[in-house]
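**Student:** Requesting a structural model of the entry that follows:
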Amino acid sequence: MKRCPWCEKDEMYIRYHDEEWGVPVYDDQKHFEFLILEAAQAGLSWHTILKRRENYRIAYDHFDPVKVAQYDEEKFNELLNNAGIIRNRRKIEASIHNAQKFLEVQKEFGSFSHYLWGFVDHQTIKNQWDHISEVPAHTELSSKISKDLKKRGFRFVGSTVIYSYLQAAGLINDHIKDCFRYDEV
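**Tutor:** Modelled structure (predicted):
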């Protein structure tokens, strides 16, 4: 079975590719999860974050944005000392701050999903890459969304982070054309 070559490190990575990556996400809690995880990934590999995903799930109250938005200094310090997640002060601060901004977007648009999918006219963009080397790190679209999120006060949402987020959440289908998942998502 032909897969995108980036996922062949181990069984966990293959399972993520085969079952989740690129599948359109409409659930706000899942969007919030990807927002936290993609921001944590900045400067690191997705594999590094994926290995810690369950630790993040526990540490961040199953990615409940309402709870995360209310984290206080004690909870912040608990996260900072949690060896199961990336213990970067700025990324942890951003995750709590972004939860507050996430709730503001929900209030304004009815859901974060509706806000985000509006950038692609509520349709997945299906790219047609023959080789993984063709897949960009960022695009005009990811820069546009990044700029809008930053204007709304979000942090750690640069164009490259957002492009990765759009891929993961299925707004962009970047499976290579001969990958078995290309036509499935």
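**Student:** correct me, but residue 36 touches residue 98?
**Tutor:** Yes. Applying CB atoms under 8 Å, one finds residue 36 in contact with residue 98, separated by 7.4 Å. For the C-beta atoms, the positions are set from N, CA and C on the backbone; glycine is no exception.
**Student:** For residue 59, give me the pLDDT.
**Tutor:** For residue 59, the model assigns a pLDDT of 98.
**Student:** Could you do residue 1 as well?
**Tutor:** In this prediction residue 1 is given a pLDDT of 87.
**Student:** Next up, the contacts around it.
**Tutor:** residue 180 (CB atoms under 8 Å, 6 or more residues apart in numbering).
**Student:** hang on, residue 163 packs against residue 144?
**Tutor:** No. With contacts counted by CB under 8 Å, residue 163 stays clear of residue 144, the gap being 11.1 Å.
**Student:** Neighbour count for these two, which is higher?
**Tutor:** For residue 163 versus residue 144, the count of surrounding residues by other CB atoms under 10 Å is larger for residue 163: 24 against 13.
**Student:** Look up the closest residue to that one, ignoring the ones flanking it.
**Tutor:** Leaving aside its chain neighbours, residue 163 sits nearest to residue 142 (3.8 Å; criterion: CB to CB, 6 or more residues apart in numbering).
**Student:** which element is that neighbour on?
**Tutor:** helix 140-151 (DSSP states H and E).
**Student:** Would you mark the buried spots in that helix?
**Tutor:** 141, 142, 145, 146, 148, 149 (16 or more other CB atoms under 10 Å).
**Student:** Identify the residues contacting the next helix-or-strand element following it?
**Tutor:** Where DSSP H and E defines the elements, the next helix or strand beyond helix 140-151 is helix 159-168. Helix 159-168 is contacted from outside by 20-22, 25, 34-35, 38-39, 41-42, 46, 136-139, 141-143, 145-146, 149, 172, 174, using CB under 8 Å, 6+ apart.
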